[in-house]
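Q: Predicted model and sequence follow; I will ask about them next.
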There are 2 protein chains.
Amino acid sequence: MKQSLELNNVYVLATATVAGYLEGKGPLRDYFSKVYDNQYAGEKSFEDAEKKMLKDACSLLMSKSTINNKVDLILGGDLSNQINVSNYVASLYKIPFIGVYGACSTSVLSMIVASSYIETGLINGALCFTSSHNGAAERQFRYPTEYGVQRKSTSTWTATGAGAIVLSNKKSNIKVTRFTLGKVIDWDYKNVNDMGSAMAPAAYDTLKVHLEDFNLSSNYYDLILTGDLSKIGSEILVSLLKKDNITITNHNDCGLLLYDMNKQSVDSGGSGAACSALVTFSYIIDKLKKKELTKVLLIATGALHSSTSSQQKNSIPAIAHAIALEV
Amino acid sequence: MKQSLELNNVYVLATATVAGYLEGKGPLRDYFSKVYDNQYAGEKSFEDAEKKMLKDACSLLMSKSTINNKVDLILGGDLSNQINVSNYVASLYKIPFIGVYGACSTSVLSMIVASSYIETGLINGALCFTSSHNGAAERQFRYPTEYGVQRKSTSTWTATGAGAIVLSNKKSNIKVTRFTLGKVIDWDYKNVNDMGSAMAPAAYDTLKVHLEDFNLSSNYYDLILTGDLSKIGSEILVSLLKKDNITITNHNDCGLLLYDMNKQSVDSGGSGAACSALVTFSYIIDKLKKKELTKVLLIATGALHSSTSSQQKNSIPAIAHAIALEV
């Protein structure tokens, strides 16, 4: 393994998704395991609402003995400071926990580390999870939404929700076939209202390495799905690849699939750690099960800044991690 | 592997430590690779000072070709929101990065994941790192130090500094022999001015599991070294073990070794992600090299709260990860 590894023993056992209010009004509503019809999910704070959603997603899986007896390890992370949401949910299980942080790439980062442990026989299976909450993330990274700061056309909408997936060595219809770990790419971009532009070069780097490491052409996959590049980031990715004479016609972005881009006011698209998980663990898994898709490369992208680093006028480092799901 | 794994192919190739002002005045001064004589390390902010220290620690190792050509993967994390310090330093290398978060247990968490990858032959070696900064951590987790809030006798002192270690499959005098991953333990403790009490049950749980999984008695090790339980947490650990008829006479804590507890005003002892790294990667490694110690179990402990979770009156989840170093 350098950046990439081919996998022969890793399968998707089960997934669960819990969506927030706006996500539940979007085109993927019927694919989610559960939808809350308000931002608080019955709790007193946005943070507690996020914890409840992540707890729900994990519980939907772990309450089944056929699933939880396959889980030797839990891996997860989220956008909250000190991944406190994930740490809380992990405390509900008497299972070893590896906390990871890759911002909005966390879904795939946790799946990659889990896949490495399963592939090499160290564990039989693992629960991977991530979450984000629009209200909690906005006030943590930018301003409380109550301030009513005007959104920019480059802004993305941090998704509210949680996703969980159990990977294991037990054969299923959906196989995890390969992964590529990302490098941190910092191209000195500083606009915290444009995550797509900040992250596109990282997605480009990881996709290029992935195709080279496995000697694959981009049309090998039915779908190359980025996590939350949004409209702007997706355009940059396509144009960066074009300079290398790589034309991708099979690209889409979870942030463009999660919402109705014409009717829902999400500006450049969806984002947040939950974005890639909500779309992939529901809609994409369903398409794979029905064989409407057979080869999907998920490239989750993460902007690795903090509110402190932005206030101190530092650039936004970014990373992208890729994992392939095949029928 | 359940929680624990025995290792046969993992060795310590090299370590580096960069210490802050107060740490450099402590008893371990001569063991550090580099010491800064003020909190800013020539930078304009505490956060930039922490980045500089971590950059220095990594650079001391990676500038040597015999070391950097063994590094296929970087793993690290720190206390800053969104582990921004680690993400910045990882961006300086064109090497895949796994960001991890285990608060002050991060040093061992990164070493455990690296060891898993090396043991199973996926990589030849990895750079693991962590850091913390007293000024940056105090204002992030509690209050800016300029407020002059009175410290409590239960308070610990977040260490300023950084530590880096390269683990690889290349044989050396110091072998990584086994590890135990921790579970998140939440005993509903809420005092953010007493991290030792919050974390002691997690250290107890991981140590118990470690001894059971490997069928070892506690005196197998010359030294059982916790990361930052401090005076209070150490006493709780010893008393919890006593209830199980386990007497440990070979215990010490990095937070009690890093400072002169009689002369330096650190109240209950040192803490912070850098605490275990500063002590272990300098003084303990030196003792192992000289065979003054031959079997050391390092149990790094982490309090997994955030300032938001504490302000919302939530309890402090904790975790402890253990790794054994032997000559």
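A: That came through, no problem. Numbers count the residues shown, from 1 in each chain, chains lettered A, B, ... in the order given.

Q: Correct me if wrong, but A:Asp56 is in a strand.
A: No - judged by DSSP: H, G, I helix; E, B strand; the rest coil, A:Asp56 forms no part of a strand; its state is helix.

Q: Give me the three-state assignment for the nearest residue to it once chain neighbours are set aside.
A: Nearest non-adjacent residue to A:Asp56, counting by C-beta to C-beta, 6 or more residues apart in numbering or on different chains: A:Val18, 4.7 Å away. Just so you know, the C-beta spots here come from the backbone N, C-alpha and C atoms, and that holds for glycine as well. With three-state DSSP as the basis, the three-state label of A:Val18 is strand.

Q: list the contacts for the most centrally placed residue in chain A?
A: The residue lying closest to the centre of chain A (C-alpha atoms, centre = their mean) is A:Ser276, at 3.3 Å. Under the criterion of C-beta atoms under 8 Å, 6 or more residues apart in numbering or on different chains, the neighbours of A:Ser276 are A:Cys104, A:Ser105, A:Ser107, A:Val108, A:Gly163, A:Leu225, A:Gly227, A:Asp228, A:Cys254, A:Leu298, A:Ala300.

Q: Out of those, which end up buried?
A: Buried positions within the contacts of A:Ser276, assessed by neighbour count (16 or more other C-beta atoms under 10 Å in any protein chain shown), are A:Cys104, A:Ser105, A:Ser107, A:Val108, A:Gly163, A:Leu225, A:Gly227, A:Asp228, A:Cys254, A:Leu298, A:Ala300.

Q: can you tell me which of those are in strands?
A: Among the buried ones among the contacts of A:Ser276, the residues falling in strands (DSSP state E) are A:Gly163, A:Leu225, A:Leu298, A:Ala300.

Q: list the contacts for the second one?
A: Contacts for A:Leu225 were tallied using C-beta under 8 Å, 6+ apart; they are A:His251, A:Asn252, A:Asp253, A:Cys254, A:Ser276, A:Val279, A:Thr280, A:Ile284, A:Val296, A:Leu297, A:Leu298, A:Ile299.

Q: For the buried ones among those, write the corresponding ChimeraX selection.
A: Here is the ChimeraX selection string for the buried members of the contacts of A:Leu225, based on 16+ other C-beta under 10 Å:
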select /A:251,252,253,254,276,279,280,284,296,297,298,299
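
Q: that older thread, can you give me the distance of the residue nearest to the centre of chain A to A:Gly135?
A: Going from A:Ser276 to A:Gly135 by C-beta to C-beta, to the nearest Å gives 20 Å.

Q: wait, which of the buried ones among the contacts of A:Ser276 is closest to B:Ala57?
A: When these are ranked by distance to B:Ala57 (C-beta to C-beta), A:Ser105 comes first, at 25.1 Å.

Q: Tell me which stretches of the stretch 201-327 of chain A form strands.
A: Using DSSP state E, counting those that start in this stretch, the strands of the stretch 201-327 of chain A run over A:223-226, A:251-253, A:270-271, A:295-303, A:318-326.

Q: Kindly reformat those as TSV containing mean pLDDT.
A: As requested, those are exported to TSV (pLDDT from 0 to 100):
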stretch	mean pLDDT
strand A:223-226	98
strand A:251-253	98
strand A:270-271	96
strand A:295-303	98
strand A:318-326	98
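
Q: Of all the ones you listed, which one comes closest to B:Phe46?
A: strand A:295-303 (22.6 Å).

Q: How far away from the center of its chain is the helix ranked longest in chain A?
A: As assigned by DSSP state H, the longest helix anywhere in chain A is helix A:195-213. Chain-centre distance of helix A:195-213: 15 Å, with C-alpha atoms, centre = their mean, to the nearest Å.

Q: elements contacting that helix?
A: Counting by 3 or more C-beta pairs under 8 Å, 6 or more residues apart in numbering or on different chains; DSSP states H and E, the packing neighbours recorded for helix A:195-213 are strand A:4-6, strand A:175-180, helix A:230-243, strand A:295-303, strand A:318-326.

Q: okay if I get the ones you listed as JSON lines plus distance to B:Ser218?
A: Below are the helices and strands packed on helix A:195-213 laid out as JSON lines (distance: least, C-beta to C-beta, whole Å):
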{"stretch": "strand A:4-6", "distance to B:Ser218": "38"}
{"stretch": "strand A:175-180", "distance to B:Ser218": "40"}
{"stretch": "helix A:230-243", "distance to B:Ser218": "53"}
{"stretch": "strand A:295-303", "distance to B:Ser218": "41"}
{"stretch": "strand A:318-326", "distance to B:Ser218": "40"}
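
Q: Save the ones you listed as TSV, and put in distance to chain B too.
A: Converted to TSV, the helices and strands packed on helix A:195-213 look like this (distance: least, C-beta to the nearest C-beta, whole Å):
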stretch	distance to chain B
strand A:4-6	7
strand A:175-180	8
helix A:230-243	17
strand A:295-303	9
strand A:318-326	7
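
Q: for the contacts of A:Ser276, which one is nearest chain B?
A: For the contacts of A:Ser276, the closest approach to chain B (C-beta to the nearest C-beta) belongs to A:Ser105, at 9.2 Å.
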